[in-house]
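[1] sequence unavailable; structure follows:
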């Protein structure tokens, strides 16, 4: 598993490699570190977690390294994620265009309220069939906290294995389901301490 | 500075203390840990970072402990944060009601597009005067990536000292300005690895 910190730097490496490939065929971690003003130890560690160690002296073949990074970023086989809860946050995420950089396709939300059903917002009843048809295993949970547990159980039944949860309430789910809590209020509160 | 992990558990402790205060006047970390099914070492550490060590045998006076937790959560002196960029995400955060649990008031957004100006969305030109009038030192940055640097500089000029940034691009700001990057695509990409 690639760390979140490494993952966050991969798009930058990829962009740099694309700039360099018209000039050279091989590149060393040292050269990349210099070019991007990053620490050499960090770059070396990042690249080795994605593509093993480079060759002594020459380093990495640019094509191979690009290909490995693209693979790690999921560019080669896009994964689809669905949004559960088409309130304001759910809709905002539905129109957010930053997911594709990490090989993620987010194009459909589900909601139990008939009023919001539309082009890319489907009724909750269709979640399971949609996930099965499109092989969706990732869900973004943006329902109000009081509905989070119930909605998450429906997600698990629909085959979802990983949940990005925007509700602060802990979900009680079977083993093997990965949950990451994105608590925006907490991030802000933690940041606030730095202003005191 | 209280860690993010401790901070995330404080609302739970507070709720538990409120339930207990009609029965007892003092409570030990051991009893709280038992009541909330948490590890005793963790609870002891959390409470000591907020309220020092409890007394041997009796533990903490519930009133004192509640008061310390409320203080740490900013319940006693609310801080206001403003949103810069009233696109879909900015508007979603403007209507999000989870901030108050951490003593944060978020009621106004700023945007440079005249079309979105309204009740609680003001023009960027008014940012500095608003922040000065309401003593705002925290900002949430939700503009498109290409405007993030410019907007963040205006925030700093307006007296903002801490920025929660939803753009993946690094901001180049003076020392002393705290920035926390909230990269939702990255969180999702990291989670995706757990489905493989």
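    All right, it came through fine. Everything numeric here is computed off the predicted structure, so don't read it as measured data.

[2] do stretch A:37-55 and chain B meet?
    No. Counting by C-beta under 8 Å from any C-beta of the partner chain, chain B is not contacted by stretch A:37-55; separation bottoms out at 11.1 Å. C-beta here means a position set from N, CA and C on the backbone, and glycine is covered the same way.

[3] what pLDDT, on average, does that stretch get?
    When pLDDT is averaged along stretch A:37-55, the result is 92.

[4] show me where pLDDT drops low in chain A?
    In the predicted model, chain A carries no residue with pLDDT under 70.

[5] for residue A:189, helix, strand, or coil?
    Here residue A:189 is recorded as helix under DSSP: H, G, I helix; E, B strand; the rest coil.

[6] quick one: contacts for it?
    B:7, B:73, B:74, B:102, B:103, B:104 (C-beta atoms under 8 Å, 6 or more residues apart in numbering or on different chains).

[7] among those, which one has the most neighbours?
    Neighbour counts for the contacts of residue A:189 (other C-beta atoms under 10 Å in any protein chain shown) peak at residue B:102, which has 26 neighbours.

[8] ok, the residue nearest to that residue when sequence neighbours are not counted to residue A:19 distance?
    The spatial neighbour of residue B:102 that comes closest, neighbours along the chain excluded (C-beta to C-beta, 6 or more residues apart in numbering or on different chains), is residue A:189 at 3.5 Å. Distance of residue A:189 to residue A:19, given as C-beta to C-beta, to the nearest Å: 40 Å.

[9] ok, now residue A:62?
    10 Å.

[10] who does the longest helix anywhere in chain A touch, helix- and strand-wise?
    Ranked by residue count and defined by DSSP state H, the top helix of chain A is helix A:4-20. Helix A:4-20 is packed against helix A:29-36, helix A:40-51, helix A:62-72, helix B:184-192, with contacts defined by 3 or more C-beta pairs under 8 Å, 6 or more residues apart in numbering or on different chains; DSSP states H and E.

[11] any chance you could list what contacts it?
    By C-beta under 8 Å, 6+ apart, helix A:4-20 touches A:2, A:27, A:32, A:35-36, A:38, A:42-43, A:45-47, A:49-50, A:62, A:65-66, A:69-70, A:72-73, A:101-102, B:168, B:183, B:186-187, B:189-190.

[12] so after it, what's the next helix or strand?
    strand A:26-27 (DSSP states H and E).

[13] look up phi and psi at the spatially most central residue of chain A.
    With distances taken as C-alpha atoms, centre = their mean, residue A:102 lies nearest the centre of chain A, 5.7 Å away. Per-residue torsions, residue A:102: phi -110, psi 30 (degrees, to the nearest 10).

[14] so it makes contact with residue B:185?
    Yes. Between residue A:102 and residue B:185 there is a contact at 5.0 Å, judged by C-beta atoms under 8 Å.

[15] tell me, how many residues neighbour the residue nearest to residue A:128 when sequence neighbours are not counted?
    In space, and not counting its chain neighbours, residue A:128 is closest to residue A:158: 4.1 Å by C-beta to C-beta, 6+ apart. The burial count assigned to residue A:158 is 21, neighbours taken as other C-beta under 10 Å.
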